[in-house]
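# what would the 3D arrangement of this be:
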Amino acid sequence: MRVALVSLTSGGLSGGCRKYLLRMVPLLLQDPRISRLHLIVHEKQLPYIEQLLRRTELAALTFGGLGHSRQIRRILAQSPVDVVFVTTQRWLSTGLPTVVMTRNMEPVLYPLGSNPWREALRNLARRLETFIACRKATRIIAISQFVRRYITEHWRIPHSKVGLVYHGVDHVEPAAECELPPQLRDLRGTDFLLSVGTIRPYRGLTDAVEAMGLLATQFPGLRLVVAGQVDPLMDGYHRRLQRLAEGLKVADRLVWPGFLSERILAWCYQNCRVFVMTTRVEACPNAALEAMHNGCVSVVTSADPMPEFFQQHALYYPPGNSQLLADQLRRALLLDHSGRTAMVEGVRRRAAEFTWQRTAQQTIAELEKTLLQDNRPA
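Next up, the predicted model:
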């Protein structure tokens with residue numbers, strides 16, 4: 001089977017997309033069912049995948065400038081391919097069997113979400129783009145049952161057309177304490193909560209800040225680490241969070257280290273007292289998988305798909321209810337040794353079910369199913 005893996009973006013590459021390529025491409029190359037793999041990426045993505053290209057000795061085919069679809073079609077015309085796998089939820093008309101992967105539910109279910117108007121418009125365009133891609137693709141890979149259910153029930157996509165493939169998680173050795181950035185060095189030996197993800201309104205971080213205000217008296221030494229970069233156009237939202245923290249007199253309890261490397265994040269997961277996830281919507285939350293793998297006691301929203309991943313191995317609260325979040329954080333912080341040990345063992349067992357090897361095997365199976373389907377894209 002000759003496969004073209006297309007990272008179809010306008011040039012950027014999110015941390016999740018980069019991690020997906022780094023983990024998946026070597027596994028796809030190793031599988032005997034794939035006789036040839038063509039990796040097609042935007043020219044601006046090359047610096048992010050240099051390590052991958054060196055390790056696999058794979059030459060990426062690139063596009064850039066205007067007319068992305070036309071350039072990619074030209075590349076495909078010169079490279080014999082049986083199936084095209086687009087790793088983003090964008091439509092690419094090639095005349096070949098095409099698989100798209102749905103991996104971002106913010107524009108689908110939370111397009112406005114207190115975003116600046118320019119970002120809201122972009123999300124609405126992304127939502128339409130996702131709908132078109134799902135309707136026209138030969139096959140769709142959903143990365144959670146929640147995504148699959150939404151596509152089939154709300155967009156009336158035939159259930160037989162949508163496959164389910166979870167992302168994986170793998171072990172990352174934590175950074176040594178001497179490698180920690182200055183903002184994190186003071187946390188050694190202290191109790192802190194950890195939130196991970198880009199800073200955007202749909203992350204629901206107001207819940208965590210307000211909960212810190214409610215916990216301040218009972219846990220005077222408690223800190224909240226918000227690990228993640230401030231996305232473009234989100235400076236205003238970041239300032240609102242900071243003003244909220246100042247009004248609640250907990251600004252000195254919040255740590256904003258920005259983007260962290262995988263190894264430093266691993267240190268945070270392994271040393272935090274509680275992992276907290278306040279997001280309003282996700283597809284397959286990488287941070288949740290990483291937290292489970294590292295044995296974090298977790299308090300997360302009850303919004304889908306969190307219960308699908310954590311199952312009974314987390315404490316839940318309704319999104320937007322900072323009082324109940326504070327109550328669940330208090331419960332997690334006061335767990336005795338046996339209760340904490342049981343939760344840690346439970347999340348680690350659950351995390352063991354999510355491997356990149358399984359992701360690769362199931363993805364290849366979906367590509368094979370695509371070749372058996374009759375409904376070629378127009």
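
# got the phi/psi numbers for the residue in the chain sticking out farthest from the centre?
When distances are taken from the C-alpha mean of the chain, residue 217 lies farthest, 33.9 Å away, according to Cα atoms, centre = their mean. The phi and psi torsions at residue 217 (degrees, to the nearest 10) take the values phi -70, psi -40.

# now swap in residue 59 and tell me
Backbone torsions for residue 59, taken as degrees, to the nearest 10, come to phi -100, psi 120.

# what's the spacing between it and residue 284?
In this view, residue 59 and residue 284 are 30 Å apart by Cβ to Cβ, to the nearest Å. Any C-beta I mention is one placed from the backbone N, CA and C, and that applies to glycine too.

# neighbour-wise, which of these two wins?
Taking neighbours as other Cβ atoms under 10 Å, residue 59 and residue 284 compare with residue 284 leading, 24 against 9.

# thinking the more buried one is in contact with residue 167, fair?
Yes - taking Cβ atoms under 8 Å as the definition, residue 284 is a contact partner of residue 167 at 4.8 Å.

# pLDDT weak spots in the stretch 1-150 of the chain?
Residue ranges of the stretch 1-150 of the chain with pLDDT under 70: 11-13.

# where do the strands of it begin and end?
Here the stretch 1-150 of the chain has its strands, by DSSP state E, counting those that start in this stretch, at 2-7, 36-42, 61-63, 83-86, 98-102, 139-142.

# the stretch 201-350 of the chain too?
223-227, 254-258, 274-277, 298-301, 315-317.

# what pairs with the shortest one, parallel or antiparallel?
Neighbouring strands of strand 315-317 in its sheet, by DSSP bridges, are strand 298-301 (parallel).

# how far does the strand it pairs with sit from the chain's center?
Mean-position distance between strand 298-301 and its chain equals 16 Å (Cα atoms, centre = their mean, to the nearest Å).

# could you do stretch 279-298 as well?
Remark: stretch 279-298 is offset 9 Å from the chain centroid, using Cα atoms, centre = their mean.

# one more: stretch 87-104?
Per Cα atoms, centre = their mean, the centroid offset for stretch 87-104 relative to its chain is 18 Å.

# quote the end-to-end distance of that stretch.
11 Å (Cα to Cα, to the nearest Å).

# shared neighbours of residue 284 and residue 167, anything?
residue 143 (Cβ atoms under 8 Å, 6 or more residues apart in numbering).

# need the strands of the stretch 1-150 of the chain in CSV (columns: mean neighbour count).
What follows is the strands of the stretch 1-150 of the chain, written out as CSV (neighbours: other Cβ atoms under 10 Å):
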stretch, mean neighbour count
strand 2-7, 22
strand 36-42, 21
strand 61-63, 18
strand 83-86, 25
strand 98-102, 25
strand 139-142, 25
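
# for residue 125, find the nearest of those.
Ranking the strands of the stretch 1-150 of the chain by proximity to residue 125 (Cβ to Cβ) places strand 98-102 first, at 15.8 Å.

# contacts for the closest one next, please.
Taking Cβ under 8 Å, 6+ apart as the rule, strand 98-102 contacts 83-92, 130, 133-134, 136-143, 147, 151, 165, 283, 366-367, 370, 377.

# just the buried ones out of those residues, please.
Listed as buried from those are 83-92, 130, 133-134, 137-143, 147, 151, 165, 283, 366-367, 370, 377; burial here means 16 or more other Cβ atoms under 10 Å.

# from those residues, which land in helices?
The helices, defined by DSSP state H, take in 130, 133-134, 147, 151, 366-367, 370 from the buried ones among the contacts of strand 98-102.

# and of those, the nearest to residue 292?
Closest approach to residue 292 among these (Cβ to Cβ): residue 147, at 18.9 Å.

# thought that closest one was touching residue 305?
Yes - between residue 147 and residue 305 there is a contact under Cβ under 8 Å: 7.4 Å.

# check the contact lists of those two and give me the overlap.
Jointly contacting residue 147 and residue 305 under the rule Cβ under 8 Å, 6+ apart are 283-284.

# returning to what we had before: check the ones in helices among the buried ones among the contacts of strand 98-102 and tell me the two furthest apart.
Every pair of these checked by Cβ to Cβ; the farthest is 130 and 367, at 20.3 Å.

# could the strands of the stretch 1-150 of the chain go into CSV alongside distance to residue 242?
Below are the strands of the stretch 1-150 of the chain laid out as CSV (distance: least, Cβ to Cβ, whole Å):
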stretch, distance to residue 242
strand 2-7, 34
strand 36-42, 34
strand 61-63, 40
strand 83-86, 38
strand 98-102, 33
strand 139-142, 36
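
# how is the chain divided into domains?
Split into domains by automatic domain parsing, the chain comes to 2-168+356-372, 177-351.

# what about the first one, how long is it end to end?
End-to-end distance of domain 2-168+356-372 (Cα to Cα): 14 Å.

# distance between it and the chain's centre?
In this view, domain 2-168+356-372 has its centroid 14 Å away from the chain centroid, taken as Cα atoms, centre = their mean.

# with the shortest one instead?
Mean-position distance between domain 177-351 and its chain equals 15 Å (Cα atoms, centre = their mean).

# now the end-to-end length of it.
Domain 177-351: ends 25 Å apart by Cα to Cα.

# good, wrapping up.
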